[in-house]
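# For reference, the sequence and a predicted model appear below.
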Amino acid sequence: MKKYNFNAGPSMLPREVIENTAKQILDFNGIGLSLAEISHRSKDFQPVMDEATALIKELLEIPEGYSVLFLGGGASLEFCMVPYNFLRKKAGYLNTGVWAKKAIKEAKRFGEVVEVASSADKNFTYIPKGWTCPTDLDYLHVTSNNTIYGTEIREDLDVPVRLISDMSSDIFSRPVDVSKYDCIYAGAQKNLAMAGVTLVIVKDDVLGHTPREEQGLATMLDFRTHIKKGSMFNTPPVVPIYCALETLRWLKANGGLVAMDKLAKERAEILYNEIDRNKLFRGTVENDARSLMNICFVLNDEYAELQDDFFKFATERGMVGIKGHRDVGGFRASCYNAQTIEGVEALVACMKEYEAKH
């Protein structure tokens, strides 16, 4: 039975990326050693870093004056590193879910934090509208895609202050105007690579201006440390970085971010149309906030008792990872770049078959 991977993260990767990475783990470029055991400072691995960095800059059309970093700690560490490097007096956060709340909690350790807007009143089922960004902020932080709740900000905001975004679950799914941001960060395990590396894109000239400079920033938490050492101040996660390189090659070969954007819209339209049509199911968020990456839905109230049964039914037909997060319930189909139209159509067929039974 063929399986279709809808896991939210670690998530589906293109098959060729998995196969090529596996080959290099066995024998890296024919040198007789595993990718997992070579020195990160060797002449064999440096080209991996160089090519991966170059492809990121090319695919995202990153302007001059930005650095690309490969760090550890996931987006969760960036919740701390961002305010540590950017927060002088006051920062603003758009509160759109669990990960935004976690980022807010960490930022409060370094200065005043204001929520410029929040969708907590309706369990984060919408993206706030009509809010005004204060002009006295050191920066505004947004979470572009909310993996748990299935909402997404699929545009680059225009704000009068520095803009920082957690793009962990929608990076590389659409073209981005990087020039509007001073920092973008993303855990790789959703749309870029296996878990273990975090991508950070940071504007160089905005660093070094916080009150903490007087005492000196903690070495590992200072972005400039990693810029100066080319992401090799300490041993980087070499296998996940190589996996990211293979994904970046795959992205370029398959039309880049314009093609990924088109595919994301096609997948989402197929699945959302079925959710809206099917008498058993309904979406969980407002239509204009629907994520193209994480598609959340539940059974209608009159069929709620069928939740476990449908999950079993779908699992038996090869649907993997569709159980919704505990904060939302129901089901979640994560449709990152590697997800195919075939996979989405298989899930839709499964939903139709289950509807016919009831």
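In hand now; what should we look at? Numbers count the residues shown, from 1 in each chain.
# these two touch, right, Thr151 and Leu94?
No: at 11.1 Å, Thr151 and Leu94 do not qualify as touching, with contact defined as Cβ atoms under 8 Å. All C-beta atoms are positioned from the backbone trio N, CA, C, and that covers glycine.
# just for the stretch 151-300 of the chain, where's the confidence low?
Within the stretch 151-300 of the chain, not a single segment meets pLDDT under 70.
# In contact with Glu266: list those residues for me.
Ile341 (Cβ atoms under 8 Å, 6 or more residues apart in numbering).
# Can you show me the helices along the chain?
All helices of the chain, identified by DSSP state H, fall at 15-26, 46-60, 74-86, 98-107, 223-228, 238-253, 256-277, 307-316, 341-357.
# contacting residues for Leu77?
Each residue near Leu77 by Cβ under 8 Å, 6+ apart is listed here: Leu71, Thr198.
# now with 10 Å?
By Cβ atoms under 10 Å, 6 or more residues apart in numbering, the contact set of Leu77 is Leu71, Glu106, Tyr185, Gly187, Thr198, Val200, Met220, Leu221.
# Nearest to Asn7 among these?
Here the nearest of the contacts of Leu77 to Asn7, counting by Cβ to Cβ, is Gly187; it sits at 14.0 Å.
# and the closest one, how many neighbours?
A count of neighbours around Gly187, defined by other Cβ atoms under 10 Å, yields 27.
# isn't it right next to Pro237, touching?
No: when contacts are counted by Cβ atoms under 10 Å, Gly187 is not listed as touching Pro237 (11.8 Å).
# who touches both of those two?
Residues touching both Gly187 and Pro237 (Cβ under 10 Å, 6+ apart): Ala193, Ala195, Gly196, Val197, Thr198.
# Out of these, which sit inside strands?
Among the shared contacts of Gly187 and Pro237, the members found in strands (DSSP state E) are Thr198.
# Export the shared contacts of Gly187 and Pro237 as CSV, with columns for distance to Ala244 and neighbour count.
Formatted as CSV, the shared contacts of Gly187 and Pro237 follow (distance: Cβ to Cβ, whole Å; neighbours: other Cβ atoms under 10 Å):
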residue, distance to Ala244, neighbour count
Ala193, 4, 28
Ala195, 11, 16
Gly196, 10, 20
Val197, 6, 28
Thr198, 10, 25
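# For the shared contacts of Gly187 and Pro237, give me JSON lines that also has distance to Ala52.
Formatted as JSON lines, these follow (distance: Cβ to Cβ, whole Å):
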{"residue": "Ala193", "distance to Ala52": "9"}
{"residue": "Ala195", "distance to Ala52": "16"}
{"residue": "Gly196", "distance to Ala52": "14"}
{"residue": "Val197", "distance to Ala52": "10"}
{"residue": "Thr198", "distance to Ala52": "13"}
